[in-house]
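Peer 1: Next comes the sequence, and after it the predicted model I'd like to discuss.
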Amino acid sequence: MEAPHTSKEADAQNPEQTIVVSGIQPSGRLHLGNYFGAIRQHIDLHQQHEAYYFIVNYHALTSVQDADLLREHTMDVALDYLALGFDPEEAHLFIQSDVPAVTELAWIFYNLVSVGRLERGVAYKDKIEQGLTPNAGLLNYPVLQAADILIYGGTLVPVGADQKQHIEITRDLAQRFNQTFCSEDDPLFPVPEAHILDDVAVIPGVDGRKMSKSYGNTIGIFDEGKTLKKKVMSIVTDSTPLDEPKDPEACNVFALIKHFADDAKQAEIAEQYRAGGYGYGHAKKELLGLIDDYFAEARARRKELEQRPDYVMDVLRDGGRQAREQAYAFMERVRAATGLVTTY
Ligand code: TYM
């Protein structure tokens, strides 16, 4: 008999229950920024609380417009989560579009936010600054994200620092909805908090900028062998000669080593940097070994799961069904509050 999840049961009786909610785009292979900034917290938190994690394929359509690729990336993200320790007995993992009601909630929210606010969105402004023409999906992206979070009554959203603005918009929309459509003592939406851990809020890429698919500076969580080596060797360093002392805190390689090595190992490597006679090539080799060790188990598990596509599909189907039930029950209350008449 499986042991009861006591902390979650206690949670369920608490009106201020913590509901963890987060999403990840299937827009390419997941990287170390996704892992340390978000996925690791997702895995930690889903053991303690009720949690909803979704693969945001509607969001990915803003950039991925190739059906085969979107399908492939979607299944890849599911495999990655399961390989990295997501346990479907503990929480819900599903595909965003299996709960189409999120787009309905997003539509309701569009009427509660100004176009100006969305035009100040970081991702939207970035595109314009790069001289690209953003599509309307990108402008409205944060509103769909708010719907994703609020439709499950999310209270805690583990993300990297780049999502701060989106969570602020979500909080504003929750408050705006409650003020507009609910009585003060009976708000429909909790106002969620972002869960951003300082030391992993922005993981740097091989060029020292934030690791991001759009900068092409990523190291994949499941990269290995030659591919991994090539990426690690391409990490940008300065030209301090091998013999001279170096400042670990100013080095892109050390910035990544920190996430893989325990305190003692970090101190030992930092000491070698400062002593001189330790080159960036040495540090890169060290990092390579650390990454290989860190993800060895997950890599093996992923290879096993690749042979079980039906199991992965079952997990997603079950997660989607549970999430849909929750979301549809919630939407009845949203429709009633807004005066959207339902005849069925
Ligand atoms: P996405 O897919 O771009 O990123 C997924 C998560 O990875 C984090 N992240 C990073 N953290 C630290 N350092 C980095 N270099 C780094 N790169 C990425 C992101 O902060 C994110 O937490 N908008 C979201 C997807 C989304 C969502 C949601 C998130 C849709 N609906 C609802 C939370 C709740 C995004 O673009 O993620």
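Peer 2: Sure, I can see it. Residues are numbered from 1 along each chain as shown.

Peer 1: where along the stretch 51-200 of the chain do the helices fall?
Peer 2: 57-60, 67-83, 101-110, 115-119, 122-129, 136-150, 164-181 (DSSP state H, counting those that start in this stretch).

Peer 1: Tell me which of those sits nearest to the ligand.
Peer 2: Comparison of those against the ligand by CB to the nearest ligand atom identifies helix 136-150 as nearest, at 3.9 Å. From N, CA and C alone the C-beta is placed, and that goes for glycine too.

Peer 1: what's in contact with the closest one?
Peer 2: For helix 136-150, the surrounding residues in contact (CB atoms under 8 Å, 6 or more residues apart in numbering) are 21, 23, 54, 56, 58-59, 61-62, 96, 102-103, 105-106, 109-110, 113, 115, 118-119, 121, 123-124, 127, 157, 165-167, 169-170, 173-174, 177, 189, 192.

Peer 1: What about the ligand: which of those residues touch it?
Peer 2: The residues of the contacts of helix 136-150 that also fall near the ligand, by CB under 6 Å from any ligand atom, are 21, 23, 56, 59, 157, 166.

Peer 1: quick revisit: select only the buried ones of the contacts of helix 136-150 in PyMOL?
Peer 2: Of the contacts of helix 136-150, the buried ones go into a single PyMOL selection, burial set by 16 or more other CB atoms under 10 Å:
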select buried, resi 21+23+54+56+58+59+62+96+102+105+106+109+113+118+121+123+124+127+157+166+167+169+170+173+174+177+189+192
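
Peer 1: Please produce TSV containing the helices of the stretch 51-200 of the chain, extended by distance to residue 338 and mean pLDDT.
Peer 2: Shown next, in TSV, are the helices of the stretch 51-200 of the chain (distance: least, CB to CB, whole Å; pLDDT from 0 to 100):
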stretch	distance to residue 338	mean pLDDT
helix 57-60	21	98
helix 67-83	31	98
helix 101-110	6	98
helix 115-119	20	96
helix 122-129	26	88
helix 136-150	13	97
helix 164-181	6	98
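
Peer 1: Get me the contact residues on the stretch 201-344 of the chain for the ligand.
Peer 2: Contact residues, the stretch 201-344 of the chain versus the ligand (CB under 6 Å from any ligand atom): 202, 203, 210, 211, 212.

Peer 1: if you set the cut-off to 8 Å instead, what comes out?
Peer 2: Residues of the stretch 201-344 of the chain found near the ligand (CB under 8 Å from any ligand atom) are 201, 202, 203, 204, 205, 210, 211, 212, 213.

Peer 1: Could you dump those residues into TSV and include distance to residue 311 and pLDDT?
Peer 2: Output for those, formatted as TSV (distance: CB to CB, whole Å; pLDDT from 0 to 100):
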residue	distance to residue 311	pLDDT
201	34	94
202	35	96
203	30	97
204	35	97
205	33	98
210	34	96
211	30	97
212	31	95
213	27	92
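
Peer 1: Okay, and which of these map to strands?
Peer 2: For those, not one is inside strands, with DSSP state E as the criterion.

Peer 1: And these, which is closest to residue 293?
Peer 2: Checking those against residue 293 by CB to CB gives residue 203 as the nearest, at 18.3 Å.

Peer 1: Now do the top helix by length along the chain, average pLDDT.
Peer 2: The longest helix of the chain (DSSP state H) is helix 309-338. Averaging pLDDT along helix 309-338 yields 98.

Peer 1: which other helices and strands contact that helix?
Peer 2: Using 3 or more CB pairs under 8 Å, 6 or more residues apart in numbering; DSSP states H and E, the elements in contact with helix 309-338 are strand 50-55, helix 67-83, strand 92-95, helix 101-110.

Peer 1: If we use 7 Å, what do you get?
Peer 2: Secondary-structure packing of helix 309-338 (3 or more CB pairs under 7 Å, 6 or more residues apart in numbering; DSSP states H and E): helix 67-83, strand 92-95, helix 101-110.
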